[in-house]
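for reference, the sequence and a predicted model appear below.
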Amino acid sequence: MIKKISRNYFYAFKIMMQSVPAFTITNLVFCVLRSALDSFTMVYTFRVIISAFEQKRPYSSAIAFLITLFLVNLLANFGDAFFAKKYRPVQMKRLQSSVEGELFAICRTAELKKFDVPEFYQDVNWALMHGVEYIEKTYENCENFCRALASMCSLFLIIFFIDYFALFLVLLTVVISVCMLIKVNAVSYDQDMKLIRSEHRIEYIDKLFFEKKFHNEIRVYGFGKFFRNQFTSESQKALEVVEHYGKRKCVLEFVRSFFFDSFPIYILYTAYLIWQVCVSHVFSLADFASLFTSIDVLKNNLIWFSALISESEKNSLYIEKLKNIMLAPEKGDRQEAAWNILGFEKVAFHKVAFSYTGSDPVLEEVSFSISKGEKIAIVGGNGEGKTTILKLLLGLYKPDQGKIFCNGREISSFLCDNHFFNVSCVFQDSHLLPVSIAENISLSSTYDERKVLDALSQCGLKSYVDSLENGIHTMITDEYTEENGVGVSGGQAQKIALARALYQEADLIILDEPSSAMDPMSEYEFNLLLRNLPKTLIIISHRLSATGFVDKILLLQSGKILEEGNHAELMAAKGKYYDMYHAQALRYKDLSET
């Protein structure tokens, strides 16, 4: 157990040293000096004064001692204020920024397949919410260890040279309590782990009720009552866990406190000291004062130290959990490549198969390719694997079988950011951020205004943006800013998402249901825009309005490519594509004639 605690504490200390090294060291040194000073002050103040009376020495020496002690403590108190109120808060913010940055990197680079496992998602969420908190607690525990050890070492020496029997009595009251505190904290950890699932669900329900984007559905569909019942149910489960473990902790704490206080032993020792002074005359009055004060301070320090030992085990459990989260996730299998992608030439899927965690195969034996300048459409019904192809191509998931090549090399060998730089994607549920239109398109606070305007022009949004008072600097929504923002329609949002893809100047653009929020005329105009776009395109859709102008169409069914060819070829074959196209013909114009 000690080895495990030490290993986990070393990991937390390593994070502190990487994030705030100067504070980590100077603060511990100050804690040791401050604690030693406190022990010296409490023990020797009485001893000096009483000795001056007993030995009838001039009071001037005692007064000089007290003045010196006052000045030293004045300086120490200033140090307390500086570290606690000025230095520490700034350093803890730096620590938080550093640790959360590491966790954000894990969230950004870990395989998405891991997030399909609820336990991993809950663990990452816990780390973001509480990881820094337990690193701080662990460091505070180290601080207190240093304080307690510095104080106890000095007090042990004082007591040992005056009356070593006192050490036995004090230690006797502590040993039992340490074991009990360790057990109490182990039970507390079990309780916290049992609460994670319910607390995560309660947190999600809180978000449903308080975030603006859910308000419409809550009011229109009335599912607020449903989630209110879910909230009540999860709260009840959490309450039952707390009550269950509360009974065990209550019993353990009662037993611990009874042995820990050891009131009879404490009274017995006080009587022993009085006997040694008044009857046996072994101790002087100054010795009595020093011993009595030292014993009281040492007993309190031992109580504190035993609590720290049990607290260290509890903190160690949480730090180990955090360490497993920060060290375990694979950041994909992408290795640092010694070469870069100089330009997109060809992407090829070779016998690719894939399934999500705990589900049936989504793709089976899928093979196709797209070369530079081509436009292809991947079509099919819902759940046929179209969006999964997108995720595999982007490297967000790895295929279970088969390989995916870019320019003749497997995409797993590319640097993650380098691969993404050459591919832009318009997701079906692309999110607009509560920043300016220009920042939404560039995804940066620094951007090229000309490129932003060109991207908007290509998407047919420039005239709309020009009509706004602040143009491209207009904020989208005012959720996180005090500036007045504008709301955008679903179609406008999809066009901004396309502008974002165009701004990146990627070689390959993938569009996932790009016109799902548009009316028929807007969709028709949007498809004309895509037709004239001088880019390599992959269009994923279950709607066939854009298939008339593409070079190749892949029809997916049950995770396999059922039909392949251009619009004219598939219509002539009169297969599944033919049936789907005619089913939608009443809604869309035949773009093959355009």
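Everything's here; your move.

could you look up the SS state of C425?
Reducing the assignment at C425 to three states with DSSP: H, G, I helix; E, B strand; the rest coil gives strand.

distance check, it against S442.
The gap separating C425 from S442 is 16 Å, by CB to CB, to the nearest Å. The C-beta positions use only the backbone N, C-alpha and C, and glycine is treated the same way.

residues in contact with H350?
367, 402-405 (CB atoms under 8 Å, 6 or more residues apart in numbering).

ok, L544 next?
Contacts of L544 by CB under 8 Å, 6+ apart are 377, 379, 577, 580-581, 584, 588.

next, count neighbours for the residue nearest to Q458 when sequence neighbours are not counted.
Counting by CB to CB, 6 or more residues apart in numbering, the nearest residue to Q458 once its immediate chain neighbours are dropped is L502, at 5.7 Å. Burial of L502 is recorded as 22 neighbouring residues (other CB atoms under 10 Å).

correct me if wrong: L502 contacts C459.
Yes. Counting by CB atoms under 8 Å, C459 is a contact partner of L502 at 7.1 Å.

okay, now the unreliable bits of the stretch 351-500 of the chain?
413-422, 477-484 (pLDDT under 70).

quick one, strands of it?
Secondary structure of the stretch 351-500 of the chain (DSSP state E, counting those that start in this stretch): strands located at 363-371, 375-380, 401-406, 409-410, 423-426, 475-476, 485-486.

M152 and I303 touch, don't they?
No. Using CB under 8 Å, M152 makes no contact with I303, being 11.3 Å away.

which of the helices and strands in the chain ranks last by mean pLDDT?
Least confident element among the helices and strands of the chain, by mean pLDDT, DSSP states H and E: helix 416-421 (a mean of 48).

picking up where we left off before, any chance of the strands of the stretch 351-500 of the chain in a markdown table, plus mean neighbour count and distance to R47?
Shown next, in a markdown table, are the strands of the stretch 351-500 of the chain (neighbours: other CB atoms under 10 Å; distance: least, CB to CB, whole Å):
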| stretch | mean neighbour count | distance to R47 |
| --- | --- | --- |
| strand 363-371 | 18 | 82 |
| strand 375-380 | 24 | 87 |
| strand 401-406 | 17 | 80 |
| strand 409-410 | 12 | 77 |
| strand 423-426 | 23 | 77 |
| strand 475-476 | 21 | 69 |
| strand 485-486 | 17 | 70 |
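
can you list the ones you listed in CSV and add distance to S467?
Formatted as CSV, those follow (distance: least, CB to CB, whole Å):
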stretch, distance to S467
strand 363-371, 38
strand 375-380, 32
strand 401-406, 41
strand 409-410, 47
strand 423-426, 24
strand 475-476, 15
strand 485-486, 10
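
for these, which one sits closest to L33?
Among the strands of the stretch 351-500 of the chain, the nearest to L33 by CB to CB is strand 475-476 (52.1 Å).

now for the closest one, which elements pack on it?
strand 485-486 (3 or more CB pairs under 8 Å, 6 or more residues apart in numbering; DSSP states H and E).

roughly how far is the strand it packs on from the heart of the chain?
Centroid displacement of strand 485-486 relative to its chain, using CA atoms, centre = their mean, to the nearest Å, is 30 Å.

other SSEs contacting it?
So strand 485-486, by 3+ CB pairs under 8 Å, 6+ apart, packs with strand 475-476.

using PDB, list the CA coordinates for stretch 545-556.
Extracted in PDB, the C-alpha atoms of stretch 545-556 (Å, rounded to 0.1, in the frame of the first residue of the first chain):
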ATOM      1  CA  SER A 545     -30.600  15.900 -55.400                       C
ATOM      2  CA  ALA A 546     -26.800  16.200 -55.900                       C
ATOM      3  CA  THR A 547     -26.100  12.900 -57.700                       C
ATOM      4  CA  GLY A 548     -26.800  14.200 -61.300                       C
ATOM      5  CA  PHE A 549     -23.500  16.100 -61.600                       C
ATOM      6  CA  VAL A 550     -21.000  13.800 -59.700                       C
ATOM      7  CA  ASP A 551     -18.600  11.500 -61.500                       C
ATOM      8  CA  LYS A 552     -19.400   8.400 -59.500                       C
ATOM      9  CA  ILE A 553     -22.200   7.200 -57.100                       C
ATOM     10  CA  LEU A 554     -21.800   4.500 -54.500                       C
ATOM     11  CA  LEU A 555     -25.000   3.100 -53.200                       C
ATOM     12  CA  LEU A 556     -24.700   1.400 -49.800                       C
END
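
what residues sit buried inside that stretch?
Under the neighbour-count criterion of 16 or more other CB atoms under 10 Å, stretch 545-556 has 545-550, 552-556 buried.

next one: S51 from M42, what distance?
Taken as CB to CB, the span from S51 to M42 is 16 Å.

so which of those two has more stuff around it?
Higher neighbour count among S51 and M42: S51, with 19 against 16, using other CB under 10 Å.

name the element that one belongs to?
Using DSSP states H and E, S51 falls within helix 21-54.

quick one: closest of the strands of the stretch 351-500 of the chain to L432.
strand 475-476 (5.2 Å).

circling back to that earlier point, kindly indicate which of the contacts of H350 lies nearest K351.
G402 (4.1 Å).

my read: the closest one touches V366, true?
Yes. The pair G402 / V366 is scored as a contact, 7.4 Å apart, by CB under 8 Å.

list residues touching both of those two?
Counting by CB under 8 Å, 6+ apart, the residues touching both G402 and V366 are 349, 351-353.

contacting residues around the residue positioned nearest the centre of the chain?
Closest to where the C-alpha atoms of the chain average out (CA atoms, centre = their mean) is L128, at 2.5 Å. Counting by CB under 8 Å, 6+ apart, L128 touches 100, 103.

buried set for stretch 554-570?
Buried-residue list, stretch 554-570, by 16+ other CB under 10 Å: 554-556, 559-561, 563, 565-567, 570.

over to stretch 146-160?
146-152, 154-156, 158-159.

of those residues, closest to Y447?
Using CB to CB, the buried residues of stretch 146-160 come closest to Y447 at C146, 49.8 Å.

where does that closest one sit: helix, strand or coil?
What three-state DSSP gives for C146 is helix.

all further residue positions should be reported with the first residue as 28.
Sure thing, new numbering starts at 28, so read that last one as C173.

distance check, it against F332.
Separation of C173 from F332 (CB to CB) stands at 11 Å.

now swap in I229 and tell me
Where F332 is concerned, I229 sits at a distance of 37 Å (CB to CB).

and if you look at I77?
28 Å.

could you do S124 as well?
33 Å.

ditto for K402
From K402 to F332 the distance is 72 Å (CB to CB).

same question, R121
30 Å.

also V269?
Taking CB to CB, one finds V269 at 29 Å from F332.

what strand or helix carries the nearest residue to V269 once chain neighbours are set aside?
Leaving aside its sequence neighbours, V269 sits nearest to Q218 (CB to CB, 6+ apart; 6.9 Å). Per DSSP H and E: Q218 is located in helix 192-237.
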